[in-house]
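In: the following comprises the amino acid sequence and a computationally predicted model.
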Amino acid sequence: MQKFESSTHASLNSLCESEELLGVLHPYAFIQGIIFAVAAAPEIPMPEKWLPWAIKTSNQLTSTEQADKLTDILMKLLQSQLQSMSEDKIHLPVGITFNQDGQEQSSVAMWCQGMLFGHSQLESVWQHAWNKMQVSEVTQMQQLQKDLSHCLYMFTTFADIPLAVKQAENRGNDQLLNILPKIFLSFPQTLKTYVGLSGKLVDFLPNQFETFEQK
């Protein structure tokens with residue numbers, strides 16, 4: 001039986017796997033990745049912007065009750081993620097794991113896909129923060145951008161392992177699949193680096209976190 005960090009996490013999983021919403025919502029791990037990206041953004045988007053990202057574009061919720069329940073769960077999970085980040089407890093959700101088997105997609109792949117989707121939706125937010133920083137901290141900014149590229153490369157690799165392995169082989173590296181378990185050991189540090197990058201960029205922006213909390 002799958003374990004979850006909280007009853008709220010379990011509730012989201014139940015919604016995602018329910019007969020009613022299986023084809024409407026993105027998978028549980030994908031949505032967790034979105035929540036991580038939203039919580040880690042230099043400026044946290046308002047709920048009306050990011051909540052719809054949990055729903056597949058071709059489908060809609062069929063009732064107000066469903067929408068209210070989903071909104072309540074997602075907002076609680078965002079607050080939980082923000083709290084964990086503020087306490088430097090940055091890790092993948094319980095149950096999101098890497099599976100080298102290759103026959104079945106790892107849940108970490110779905111998480112990375114959701115995280116990258118969220119990051120792409122928030123690209124303008126990140127760019128705004130870079131632009132603010134560029135005025136006074138050019139050298140530091142260049143290093144931080146390198147760090148961000150490394151983080152996104154890690155997420156992209158685990159989001160689609162077959163593609164990453166094929167690309168590596170095209171570059172003459174036929175060992176990527178074998179060393180992925182070792183690379184995955186640095187995944188927690190990559191998460192912390194990504195969140196830390198955002199934290200450094202926030203210094204150049206208005207205090208968005210307080211604004212969000214007070215609303």
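Out: Thanks, I have the structure now.

In: now do residue 23, the pLDDT please.
Out: Looking at residue 23, its pLDDT reads 85.

In: number of residues surrounding it?
Out: 9 (other CB atoms under 10 Å). Yep, even glycine has a C-beta here, placed from its N, CA and C like the rest.

In: could you measure from it over to residue 69?
Out: For residue 23, the distance to residue 69 equals 17 Å [CB to CB, to the nearest Å].

In: can you tell me how far the residue of the chain most remote from its centre is from residue 108?
Out: Outermost residue of the chain with respect to the C-alpha centroid, by CA atoms, centre = their mean, is residue 172; its distance is 30.2 Å. Residue 172 is 26 Å from residue 108, where distance means CB to CB.

In: repeat that for residue 79.
Out: Separation of residue 79 from residue 108 (CB to CB) stands at 23 Å.

In: more neighbours: which of the two?
Out: Shown here are residue 79 and residue 108; by other CB under 10 Å, residue 108 has more neighbours (22 against 13).

In: OK, contacts around residue 50?
Out: Counting by CB atoms under 8 Å, 6 or more residues apart in numbering, residue 50 makes contact with 34, 38, 118, 121.

In: try residue 12
Out: 28, 31-32, 73-74, 77.

In: okay, and which of those map to helices?
Out: Of those, the ones assigned to helices by DSSP state H are 28, 31-32, 73-74, 77.

In: CA atoms of stretch 71-90 as PDB?
Out: Only the C-alpha atoms of stretch 71-90 are listed here, as PDB (Å, rounded to 0.1, in the frame of the first residue of the first chain):
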ATOM      1  CA  THR A  71      -8.900  23.800  -4.900                       C
ATOM      2  CA  ASP A  72      -9.000  23.100  -1.100                       C
ATOM      3  CA  ILE A  73      -6.500  20.200  -1.500                       C
ATOM      4  CA  LEU A  74      -4.100  22.000  -3.800                       C
ATOM      5  CA  MET A  75      -4.000  25.100  -1.600                       C
ATOM      6  CA  LYS A  76      -3.300  23.000   1.500                       C
ATOM      7  CA  LEU A  77      -0.500  21.200  -0.400                       C
ATOM      8  CA  LEU A  78       1.000  24.500  -1.600                       C
ATOM      9  CA  GLN A  79       1.000  25.800   2.000                       C
ATOM     10  CA  SER A  80       2.600  22.600   3.200                       C
ATOM     11  CA  GLN A  81       5.300  22.800   0.500                       C
ATOM     12  CA  LEU A  82       6.000  26.500   1.300                       C
ATOM     13  CA  GLN A  83       6.300  25.600   5.000                       C
ATOM     14  CA  SER A  84       8.700  22.800   4.200                       C
ATOM     15  CA  MET A  85      10.800  25.000   2.100                       C
ATOM     16  CA  SER A  86      10.900  27.700   4.800                       C
ATOM     17  CA  GLU A  87      12.200  25.100   7.200                       C
ATOM     18  CA  ASP A  88      14.800  23.800   4.600                       C
ATOM     19  CA  LYS A  89      13.000  20.500   4.400                       C
ATOM     20  CA  ILE A  90      13.300  20.100   0.700                       C
END
